[in-house]
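1. model this:
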Amino acid sequence: MDYTNRFLSLAMGCLLASGAGNAATGDIPQLNIHLNGNGDLVYEVEYAGKETVRESPLGMVVDHRAWGEDVASLTADTLDSRHIVYQVTQADRSTFCLEVRLFDDGLALRYRLPAQGPICIYGEKTGMRFPEQTQTWYASGPFQYGWLQQYQQRTTDAIEGELLAPPATFLTPEGIYAAITEGNLTHFHGAVLLGREQGLVQFGYVDNKGHLLSGTSTGMPQGQYAHEAVRDVPWLVAPRNGETEVVTPWRILMLAEDLNGLVNNGILRQVADQPDPALFPQGAETDWIRPGRAVFTWLAEGGIERLSLANHKKYVDGCAELGIESVVVDDGWELWPQTDPDAHGRDKWEMLTELVDYARHKGVNIWVWRPSSPRTGNRTDIGLLDPEERKDFMHRCAEIGVKGLKVDFFCTENLFTVDFMETLLRDAAREKLMVIFHGVNKPTGDSYTYPNLLAKEAVRGLECVGGEDSWAPGPAWPFHNTVLPFTRWLAGPADYTPLNFRAFCPPSVTFAHQLATIYTFTSPMLIFAADMEDMLACPARKFIEEVPVEWDETRVLPGSEIGKLAALARRKGDVWYVSVLNGEESRTFTCPLDFLPKGSYQVEMACDAPGNRKQIVLKSFRTRAGKQVKTDLMPGGGWVMRIERR
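-> Next comes the predicted model:
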């Protein structure tokens, strides 16, 4: 044991010293990895001098063996001052590696498991045990199995038996914010979080019951199993490309002293694999990758005619007038030869080509929808599982000028599906096609590795309005919307499809709240759900026409509180925008403008008309940096401001 402690002290000295240059700030995580009295591998974390994670377990359960228990020795290889690989030797002389990276705003760790062939993963021991009365906000159903996002606000003392969808967010009694998720998920089963006894949140694995019963690996399961997650099902994984170890995703703990620090956490980007230069010569700046805004007709009023070729041309015309870059042609386009009165004997490709050519002359791009695999009971679906079908479909799309694909209905994040998504992204990149994934798991930094992936749904968005009491249960929308910026959006952009002024506008939120969501639920592929007539006639049309999809800076404003108020200031170039979403209670909100550089500014503001939840009014005024903007907010209300120096 002296041998173990000597190397352990060396390792911890390196980790603790790594923050010495910034010690005065008091915000460097202090990580203590050691063996407890039973010889089990454990750790603790302090942040800003405060207890954050109490003694918590580390390790994996592989081939019926608990790696991390009954440890004989622990040695450390310091790669740099913030990157250490521990070799863990069990009492039976078997070994595995624990890799740790330390950041100013948190930490990441992963396991390197020796393997000459397939190994069976039975579970994971990695967990975070928070102090008593730590608050937590989480969705109690995994994003990847449909639209079940029943966000909860509890304490960690009351989560035993719960499933927490990553990222889950925590607030300790001493005021430290934390969020748990995973990063760089490649060739591995995606993880969820499971509530254990005494405030322990532990990584674990689930799959959809429908997939397990039917034997299908991916795709939309039978309806009765849409939300049924089965826990603790063993699964096999083998090393990739002739390697001799299986590498897990990073288990990430984000840390901050306020919500601004949490929202601006950068660990996911820093642990992601770099893009393949053969596919992305300039990385995210590769010339055919062009983030932008889009519309689609899926949530528009009307019957099947809303999906027609003629209606899509109308949306192209509207995009050209509004300066919106793309139209997404959703489910139904492949049936145009049977359903569209303008088919006249043409096949789907001829009709799609007509739309692409029409849009090109208007300066608008076309994206198209396709299911990842056939849906249960749907005989018209053609999925992308078959390599030849996938290659032909993508090539035909690129050949006629389609710019992007919306691929839907993965509905799991098992190993097969995770590998399948990577294959889709690589094949799409070869045809210079951008991609968004729908019906899919949470982001894990995959858009940094595959910059042609602009967004993943993984959110209970506006298409779920109307299903609150059936297929898409969840909390009141004002609560839901004021939780999302501080939970789901920590993992990356989502496909919420914001903005609707008709049936898909929840009555619990106002029209100004709806408008503000396009600045809050930001995404490099930002798809508006509103009917085109409403966008063209909107009194705040200017805010729709110019909303950026990439930002230079984001700040969470004072007064923001998870589940009650989300107030964000974002900068694009020299122009600032402030979006405010209110929760379920009316309030007066005072917005400080101290984030502005000194000077005089012109403000354009879109807000709710007093007493009218369905009317947006515009205000214009001048102000100076350091001043305040004070407004009354109705339950579910909101507003957005544009601030430019004058």
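2. how about the helices in this structure?
-> 2-17, 209-214, 259-263, 267-271, 309-322, 336-339, 348-361, 387-400, 415-430, 446-449, 477-483, 511-520, 532-537, 541-546 (DSSP state H).
3. and these, which one's lowest on average pLDDT?
-> Of all those, helix 2-17 carries the lowest average pLDDT, namely a mean of 38.
4. contacting residues for Ala108?
-> Ala108 makes contact with Val100, Arg101, Gly183, Trp250, Arg251, Ile252, Leu253, Ile267, Val271, according to Cβ atoms under 8 Å, 6 or more residues apart in numbering. To be clear about C-beta, it is placed using only N, CA and C from the backbone, and glycine gets the same treatment.
5. could the helices of the chain be laid out in a markdown table, adding distance to Ala191 and mean neighbour count?
-> A markdown table is the format used below for the helices of the chain (distance: least, Cβ to Cβ, whole Å; neighbours: other Cβ atoms under 10 Å):
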| stretch | distance to Ala191 | mean neighbour count |
| --- | --- | --- |
| helix 2-17 | 24 | 15 |
| helix 209-214 | 17 | 18 |
| helix 259-263 | 20 | 21 |
| helix 267-271 | 14 | 19 |
| helix 309-322 | 39 | 19 |
| helix 336-339 | 41 | 16 |
| helix 348-361 | 38 | 18 |
| helix 387-400 | 27 | 15 |
| helix 415-430 | 11 | 20 |
| helix 446-449 | 14 | 23 |
| helix 477-483 | 21 | 25 |
| helix 511-520 | 27 | 27 |
| helix 532-537 | 39 | 17 |
| helix 541-546 | 38 | 17 |
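6. got a list of what Tyr448 touches?
-> Counted by Cβ under 8 Å, 6+ apart, Tyr448 has contacts Leu268, Arg269, Ala272, Asp273, Pro275, Ala284.
7. List just the one of the helices of the chain that sits closest to Val62.
-> Taking Cβ to Cβ, helix 415-430 is the member of the helices of the chain nearest to Val62, at 14.4 Å.
8. and the closest one, what does it pack onto?
-> strand 235-237, helix 387-400, strand 434-437 (3 or more Cβ pairs under 8 Å, 6 or more residues apart in numbering; DSSP states H and E).
9. Reformat those as TSV; add distance to Arg541.
-> Shown next, in TSV, are the helices and strands packed on helix 415-430 (distance: least, Cβ to Cβ, whole Å):
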stretch	distance to Arg541
strand 235-237	50
helix 387-400	32
strand 434-437	25
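10. which of the contacts of Tyr448 lies closest to Asp92?
-> Asp273 (33.0 Å).
11. Quick one: the strands in the stretch 1-150 of the chain, in order.
-> 30-35, 41-47, 50-57, 60-62, 65-67, 71-80, 83-90, 95-103, 106-114, 119-124, 127-129, 135-139 (DSSP state E, counting those that start in this stretch).
12. Packing partners of the fourth one?
-> So the one you mean is strand 60-62. strand 106-114, strand 119-124.
13. now with 10 Å?
-> strand 65-67, strand 95-103, strand 106-114, strand 119-124 (3 or more Cβ pairs under 10 Å, 6 or more residues apart in numbering; DSSP states H and E).
14. what about that strand, distance to the chain center?
-> When C-alpha coordinates are averaged (Cα atoms, centre = their mean, to the nearest Å), strand 60-62 and its chain have centres 27 Å apart.
15. buried ones in that strand?
-> Met60, Val61, Val62 (16 or more other Cβ atoms under 10 Å).
16. can you list the residues you listed in a markdown table and add pLDDT?
-> As requested, those are exported to a markdown table (pLDDT from 0 to 100):
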| residue | pLDDT |
| --- | --- |
| Met60 | 98 |
| Val61 | 98 |
| Val62 | 97 |
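17. just to revisit the earlier point, farthest pair in the contacts of Ala108?
-> So, the contacts of Ala108 by Cβ to Cβ: farthest apart are Val100 and Gly183, at 13.5 Å.
18. Show me the common contact partners of those two, please.
-> Ala108, Arg110, Trp250 (Cβ atoms under 10 Å, 6 or more residues apart in numbering).
19. and which of those is nearest Pro341?
-> Trp250 (52.7 Å).
20. What helices and strands are in contact with the lengthiest strand in the chain?
-> Taking DSSP state E as the assignment, the strand of the chain that covers the most residues is strand 612-624. Contacts defined by 3+ Cβ pairs under 10 Å, 6+ apart place strand 612-624 against helix 511-520, helix 541-546, strand 600-609, strand 628-633, strand 638-645.
21. For Asp357, which of the ones you listed is the nearest?
-> Closest to Asp357 of the helices and strands packed on strand 612-624, according to Cβ to Cβ: helix 541-546, at 24.9 Å.
22. and that closest one, C-alpha only, in CSV?
-> Coordinates of each C-alpha in helix 541-546 appear next as CSV, following Å, rounded to 0.1, in the frame of the first residue of the first chain:
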residue,chain,number,x,y,z
ARG,A,541,-40.8,40.9,-38.7
LYS,A,542,-37.4,42.6,-38.5
PHE,A,543,-36.4,40.3,-35.6
ILE,A,544,-37.3,37.2,-37.7
GLU,A,545,-35.4,38.6,-40.8
GLU,A,546,-32.1,39.2,-39.0
